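Q: Here is a sequence together with a model predicted from it:
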Amino acid sequence: NAGVTQTPKFRVLKTGQSMTLLCAQDMNHEYMYWYRQDPGMGLRLIHYSVGEGTTAKGEVPDGYNVSRLKKQNFLLGLESAAPSQTSVYFCASSDSMYEQFFGPGTRLTVL
Amino acid sequence: SQQGEEDPQALSIQEGENATMNCSYKTSINNLQWYRQNSGRGLVHLILIRSNEREKHSGRLRVTLDTSKKSSSLLITASRAADTASYFCATDDKTGRRALTFGSGTRLQVQP
């Protein structure tokens, strides 16, 4: 049981480049979430999904897109990366509004 | 904006001492959770307290909730060096959004 996995673990982009972060969970959870964490701050919700084929905006959705084509996967896309998107990105999943299970994070630097 | 704000932002204690951290939030909630984050790692769920509960225990953890003051506290008793981590409170809200809002966290350093 791998839990929640994230790919890649690290990435460096140049301004304007695009990339996709992949989150996968093997716990058959309905809910999945993407957060970003900046130094000295808590997590801020980017987008989330309450089931396969659904997505919804969180607190800071601008500049990001998501897709949940399969129940076990939640993709986060950056179409045109900006330095302000330098952050650590965490994916989480849950079978309710209760305990969330987190992945190990992706550290993204945009130059 | 953050729903929850933790206090203090940083806390340094000696092994064996108790650590108390506080969380304040702004809107009515269904439940409040506490999470722990070791440096460079993802968050791990510690404990959940429902809005109709006032106190909950789990091992060396004690959580209180005062909905009238919109605040919660996490007490770690007999702390160990391995408790060194950041601790976050997280709240749902009653909008039906099905997502949590995290506070800014308390960084706990336990000196051996």
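A: In hand now; what should we look at?

Q: from memory A:L43 sits against A:R36, does it?
A: Yes. Under the criterion of CB atoms under 8 Å, A:L43 makes contact with A:R36 at 7.2 Å. C-beta here means a position set from N, CA and C on the backbone, and glycine is covered the same way.

Q: for chain A, what are the nearby residues on chain B?
A: B:2, B:4, B:9, B:30-31, B:33, B:35, B:40-45, B:48, B:88, B:90, B:92, B:97-105 (CB under 8 Å from any CB of the partner chain).

Q: List the contacts of the residue in chain B positioned nearest to chain A.
A: For chain B and chain A, the shortest gap (CB to the nearest CB) falls at B:G42, measuring 3.3 Å. B:G42 sits next to A:V4, A:F90, A:A92, A:F102, A:G103, A:P104, A:G105 when contact means CB atoms under 8 Å, 6 or more residues apart in numbering or on different chains.

Q: Equivalent analysis for B:V110, please.
A: Contacts of B:V110 by CB under 8 Å, 6+ apart are B:S12, B:I13, B:Q14, B:E15, B:E17, B:A19, B:S79, B:R80, B:A81, B:A82, B:D83, B:T84.

Q: try A:M32
A: A:M32 touches A:C23, A:Q25, A:Y48, A:S49, A:R68, A:F74, A:C91, A:A92, A:S93, A:S94, counting by CB under 8 Å, 6+ apart.

Q: which stretch of helix or strand covers it?
A: When elements are assigned from DSSP states H and E, A:M32 belongs to strand A:31-37.
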